[in-house]
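Novice: What follows is a protein structure lacking sequence information:
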């Protein structure tokens with residue numbers, strides 16, 4: 001796998017190792033292939049300080065838990081953009097509504 005395709009999530013990837021599951025549900029550990037860009041900010045650092053990492057499927061699932069729970073480890077997910085455009089799980093909370 002090319003380095004540019006590897007998961008770089010703080011939960012796994014370069015900083016640790018990702019949980020991986022094969023088609024039979026068997027667990028292994030290693031660097032996963034990136035499937036999405038996940039953008040989030042840390043509440044204590046403020047909304048202007050966003051981080052974006054490319055993440056494997058399992059790390060993306062962990063960050064998806066933060067969408068509905070604002071106090072999850074002080075992180076708030078603002079966008080998940082899957083590389084596969086047909087994936088129905090993409091999420092973007094950066095869109096702003098302007099009232100006239």
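Specialist: Thanks, I have it. If you're wondering where the values come from, they're calculated on a predicted model, not measured in any experiment. Residues are numbered from 1 along each chain as shown.
Novice: When you work out contacts or count neighbours from here on, use the C-alpha atoms and nothing else.
Specialist: OK.
Novice: Sheet-wise, list the partners of the helix or strand of the chain with the lowest mean pLDDT with their directions.
Specialist: Least confident helix or strand, the chain: strand 91-92 with a mean of 70, by mean pLDDT, DSSP states H and E. Take DSSP bridges as the rule and strand 91-92 pairs in its sheet with strand 75-82 (antiparallel).
Novice: Can you mark which positions in the strand it pairs with are buried?
Specialist: 75, 76, 77, 78, 79, 80, 81, 82 (16 or more other CA atoms under 10 Å).
Novice: Report the distance from the least confident helix or strand of the chain to the chain centre.
Specialist: Strand 91-92 sits 11 Å away from the centroid of its parent chain (CA atoms, centre = their mean, to the nearest Å).
Novice: What lies in contact with it?
Specialist: Contact with strand 91-92 is made by 78, 79, 80, 81, as judged by CA atoms under 8 Å, 6 or more residues apart in numbering.
Novice: Nearest to residue 3 among the residues you listed?
Specialist: residue 81 (19.4 Å; CA to CA).
Novice: Surely that closest one and residue 40 touch.
Specialist: No. Using CA atoms under 8 Å, residue 81 is not in contact with residue 40; the gap is 11.8 Å.
Novice: any low-confidence regions in this protein?
Specialist: 1, 67-73, 89, 93-100 (pLDDT under 70).
Novice: can you give me the strands in the protein?
Specialist: Using DSSP state E, the strands of the chain run over 18-21, 27-30, 34-42, 50-56, 75-82, 91-92.
Novice: Would you check how far apart residue 55 and residue 44 are?
Specialist: 23 Å (CA to CA, to the nearest Å).
Novice: Those two: who's more crowded?
Specialist: Legend: neighbour count by other CA atoms under 10 Å for residue 55 and residue 44, higher for residue 55 (30 against 9).
Novice: so the more buried one bridges to which residues?
Specialist: residue 36.
Novice: give the contact list for it.
Specialist: Contacts of residue 55 (CA under 8 Å, 6+ apart): 6, 7, 8, 9, 13, 32, 33, 34, 35, 36, 37, 38.
Novice: Cool, thanks, talk later.
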